[in-house]
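**Q** build the 3D model from these lines:
(2 chains)
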2 protein chains.
Amino acid sequence: MKVLIVHAHPEANSFTAALRDQAIETLQAQGHEVQVSDLYEMNWNPVASAEDFSPRQNPEYLVYALEQRLGVKHHSIAADIQQELDKLLWADLLILNFPIFWFSAPAMLKGWIDRVLVSGICYGGKRFYDHGGLAGKKALVTVTLGGREHMFGEGAIHGPFEDMLRPILRGTLAYVGFEVLQPFVAWHVPYISDQARQDFLRSYQQRLEHIADDLPLEYVKLSQFDEALYPLANNA
Amino acid sequence: MKVLIVHAHPEANSFTAALRDQAIETLQAQGHEVQVSDLYEMNWNPVASAEDFSPRQNPEYLVYALEQRLGVKHHSIAADIQQELDKLLWADLLILNFPIFWFSAPAMLKGWIDRVLVSGICYGGKRFYDHGGLAGKKALVTVTLGGREHMFGEGAIHGPFEDMLRPILRGTLAYVGFEVLQPFVAWHVPYISDQARQDFLRSYQQRLEHIADDLPLEYVKLSQFDEALYPLANNA
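**A** Prediction:
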């Protein structure tokens, strides 16, 4: 497999970075090819703006998704976006590797999503969910957080963890067609022992050694909806 | 009331900006004081990094939330963060005004959340949800999106809209103690007539004229959980 790891953490020596390095080592040892986008190290620009397109189709009024569509078609999209898009299209497996900030991704990574998952290639028209532009690829979300595992789940104080990650897992990754694997979560990281951190790394290694056999999460299929995207009566 | 509108849209003349202007006009006409943070116009820096703290408590290893806590205490947090934090603490009502990007906020606004909702003031220790640092304030999320209303809800293709906004509504705003009002949503904006846009503006105006009477959404309360944040048996 070809694997793209997109990593975003403001501390170069974080445990999140150790998970990134564990993934590189384990996946390469299995014979996979790995590329890494380390967004803080790259000084990635997370701000979607008119400057992403030159020339613009409509210099008077910015419709970001429309400029994306035309920009990728005419190769006039910003070079930093094109470079990430090329890596994304190259990859069979995308790993998003980040610390949870406010029950979602740091702005740095959100801006990679905003700018790189371009309309016209990743989605557009009826190409979304199982018909998404990146169908056939897999995605794994690997996160660290301060919270404890018992704070998540039905009836727990923050509710189910996957509900909090829904905009990323379903609204982003599944939306563009990825088969989305169960997230890998390292809980309570700032407060645990070195041994507990080592245990997370070993557990991640084992997970990655068998990642090809992982079953994806289940989401909606377009065939369950009519042309106007109303649910079909026999939607099961 | 004192109202802070945080606005983030890459097009200065967007319909989202028209909603911002409608809010300013309506709220001022009602005698409220209004401040606006227009993040694109301000060229806001959305990237949480070590540079937000000078001097740093620990120059060797960045724990962002810890540096926030000490930075606000010792007035050594970056000036752009302190300025936004002052506005936030001044406000009785916070309005987040943005276009939906990937079922959540643009990175520009996510980075305002990451940097401005500082540990030690907005949350920390057992100060979260109804005990959050901003308890007593209200928050309204006003959004535009391309999707149609029938694509959201139980059984709809994207599921309930509030589930997609959960990390912001519950995981961010309710978490720091805001009373979170029902979001105002303008559907299908890029595709509708001028008349339909005017209708959304009128409807927003009417909503804002009675915003003080709005009942907040219901979330968990800390009293439903024990000291270790396990749910109490009689959690109702």
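
**Q** can you tell me how far A:Ala29 is from A:Glu209?
**A** Using CB to CB, to the nearest Å, A:Ala29 is found at 8 Å from A:Glu209. All C-beta atoms are positioned from the backbone trio N, CA, C, and that covers glycine.

**Q** strands of chain A, residue ranges please.
**A** Ranges of strands in chain A, per DSSP state E, are A:2-7, A:33-38, A:93-99, A:138-144, A:179-180, A:184-186.

**Q** mind checking pLDDT for A:Ser54?
**A** Note on A:Ser54: pLDDT of 94.

**Q** scratch that, A:Glu209
**A** On the pLDDT scale, A:Glu209 gets 98.

**Q** hmm, it is touching A:Gln28, no?
**A** No: with contact defined as CB atoms under 8 Å, A:Glu209 does not reach A:Gln28; the gap is 12.0 Å.

**Q** can you show me the helices along chain A?
**A** Ranges of helices in chain A, per DSSP state H, are A:15-29, A:39-42, A:64-73, A:79-90, A:107-116, A:161-164, A:166-168, A:194-209.

**Q** tabulate these (CSV), appending distance to B:Met1 and mean neighbour count.
**A** Shown next, in CSV, are the helices of chain A (distance: least, CB to CB, whole Å; neighbours: other CB atoms under 10 Å in any protein chain shown):
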stretch, distance to B:Met1, mean neighbour count
helix A:15-29, 40, 19
helix A:39-42, 39, 18
helix A:64-73, 33, 20
helix A:79-90, 41, 16
helix A:107-116, 28, 26
helix A:161-164, 30, 20
helix A:166-168, 30, 27
helix A:194-209, 46, 14
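
**Q** any chance of the ones you listed in CSV, plus distance to A:Ser223?
**A** Formatted as CSV, the helices of chain A follow (distance: least, CB to CB, whole Å):
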stretch, distance to A:Ser223
helix A:15-29, 33
helix A:39-42, 36
helix A:64-73, 25
helix A:79-90, 26
helix A:107-116, 26
helix A:161-164, 23
helix A:166-168, 22
helix A:194-209, 31
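
**Q** and A:Leu173, how many neighbours does it have?
**A** 30 (other CB atoms under 10 Å in any protein chain shown).

**Q** now for it: which residues touch it?
**A** A:Leu173 sits next to A:Leu94, A:Leu96, A:Ala139, A:Val141, A:Val180 when contact means CB atoms under 8 Å, 6 or more residues apart in numbering or on different chains.

**Q** what do you get for A:Glu209?
**A** Shown in contact with A:Glu209 (CB under 8 Å, 6+ apart): A:Thr26, A:Gln30.

**Q** apply 10 Å and report the result again.
**A** The contact partners of A:Glu209, by CB atoms under 10 Å, 6 or more residues apart in numbering or on different chains, come to A:Thr26, A:Leu27, A:Ala29, A:Gln30.

**Q** with A:Ala139 instead?
**A** A:4, A:91, A:93-96, A:168-169, A:172-174, A:176-181, A:183, A:216.

**Q** can you list the weak-confidence ranges in chain A?
**A** Along chain A, segments meeting pLDDT under 70 span A:234-236.

**Q** on that earlier part again, of the strands of chain A, which is nearest B:Asp38?
**A** Closest of the strands of chain A to B:Asp38 is strand A:93-99, at 27.6 Å (criterion: CB to CB).

**Q** now A:Gly28. Nearest residue, chain neighbours left out?
**A** Quick fix: residue A:28 is Gln, not Gly. Spatial nearest neighbour of A:Gln28, excluding adjacent residues (CB to CB, 6 or more residues apart in numbering or on different chains): A:Val34 at 5.7 Å.
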